[in-house]
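1. Need coordinates for the below:
(one chain, ligands or ions: 1)
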Amino acid sequence: MRQIRELSDDPAVDGILLQHPVPEQIDERAAFEAIAAAKDVDGVTRTSFATMAFDEGGFHSATPGGIMALLDAYDIPLAGKHAVVVGRSPILGKPVGMLLLARDATVTYCHSRTTGLADYVAEADVLVAAVGRPELIRGEWITPGAVVVDAGYADNTGDVEYAAAAERASFITPVPGGVGPMTIATLLAQTIRAARDHEAGRQEASWWGAAP
Ligand code: NAP
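-> Have a look, this model is predicted:
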């Protein structure tokens with residue numbers, strides 16, 4: 001925790017990524033919150049979550065940000081569509097649902113206490129799987145033409161039964177090689193943005209501080 005705070009205060013550091021999950025003895029939320037908001041390039045702090053929710057230009061949680069960039073790159077229509085998000089973690093399921101909502105999708109969240117998961121999945125125009133249970137979502141549940149984004153990763157396998165789902169989906173991401181690279185790209189893009197903002201702040205400060 002102390003080291004994260006030191007990095008947060010270090011003017012030579014532009015962005016901080018905390019590799020997680022962290023070991024059990026560490027309070028992961030507290031460790032995230034030790035990251036300065038201006039350096040939160042992985043978008044994990046409460047501040048980043050709130051600025052994302054209010055569309056105020058903060059850093060997006062990297063995987064949800066990458067998923068939205070992917071959907072946009074393929075011109076996937078979202079307004080008025082039913083998006084079903086399976087998973088509700090603060091760094092993935094919850095924020096991706098909020099970003100989809102901000103784009104006028106109608107969003108349903110499913111989680112470990114959801115009953116009748118197959119029925120919800122069958123109603124999805126856009127499905128985002130964010131659980132971490134290999135092939136939890138069966139291909140036969142996917143409605144023909146649906147867009148399937150599989151963020152799950154466990155044992156080198158996604159949450160969706162890929163081969164069967166691919167026969168029905170109009171678009172589907174593979175695992176590995178789908179959402180993962182988009183997460184990395186978002187992380188890099190946000191790191192560059194943080195460095196530029198930092199540099200701009202430094203220049204502004206030195207300009208204001210300059211002798212007349
Ligand atoms: P997490 O914190 O463990 O959350 C998992 C979510 O899945 C929880 O909301 C949980 O519900 C839900 N869930 C568990 N069992 C379920 C079931 N049987 N039916 C429906 N929902 C169920 O995990 P996470 O950090 O969000 O990550 C999720 C997955 O995405 C993992 O496989 C992780 O490796 C992967 N991931 C990939 C990337 C990438 O770059 N591709 C980045 C981050 C994470 P409750 O809330 O009710 O417990």
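2. how distant is stretch 46-54 from the center of its chain?
-> Offset of stretch 46-54 from its chain centre (Cα atoms, centre = their mean, to the nearest Å): 12 Å.
3. Identify all contacting residues around it.
-> 33, 37, 40, 43, 56-61, 90, 95, 98-99 (Cβ atoms under 8 Å, 6 or more residues apart in numbering). C-betas here are computed from N, CA, C, even on glycine.
4. what do you get for stretch 151-171?
-> Contacts of stretch 151-171 (Cβ under 8 Å, 6+ apart): 63, 67, 74, 76, 86-87, 92, 96, 127-140, 142-148, 150, 172-176, 178-180.
5. got any ranges where the chain has weak pLDDT?
-> Within the chain, the segments meeting pLDDT under 70 span 205-212.
6. Closest to the centroid, which residue in it?
-> P64 (2.2 Å; Cα atoms, centre = their mean).
7. Would you agree it is in contact with V96?
-> Yes. With contact defined as Cβ atoms under 8 Å, P64 reaches V96; the gap is 3.8 Å.
8. tell me the contacts of R103?
-> Counted by Cβ under 8 Å, 6+ apart, R103 has contacts 68, 78-79.
9. Mark which of these are buried, thanks.
-> Buried members of the contacts of R103, counted by 16 or more other Cβ atoms under 10 Å: 68, 78.
10. Kindly indicate whether the nearest residue to L101 once chain neighbours are set aside is helix, strand or coil.
-> With Cβ to Cβ, 6 or more residues apart in numbering as the criterion, L101 has its nearest non-adjacent residue at 4.9 Å, and that residue is V107. Here V107 is recorded as strand under DSSP: H, G, I helix; E, B strand; the rest coil.
11. distance of V107 from T191?
-> 28 Å (Cβ to Cβ, to the nearest Å).
12. tell me what the helix ranked longest in the chain is packed against?
-> Across the chain, the longest stretch assigned as helix under DSSP state H is helix 179-209. In terms of contacts (3 or more Cβ pairs under 8 Å, 6 or more residues apart in numbering; DSSP states H and E), helix 179-209 is packed against helix 62-73.
13. For the closest residue to H60 other than its chain neighbours, give me its contacts.
-> Spatial nearest neighbour of H60, chain neighbours left out: G43 (4.8 Å); criterion: Cβ to Cβ, 6+ apart. G43 makes contact with 49, 52, 58-62, 64-65, 91, 95, 190, according to Cβ under 8 Å, 6+ apart.
14. Surely G43 forms part of a strand?
-> No. G43: not assigned to a strand; according to three-state DSSP it is coil.
15. and G97, how many residues sit next to it?
-> By the criterion of other Cβ atoms under 10 Å, G97 has 22 neighbours.
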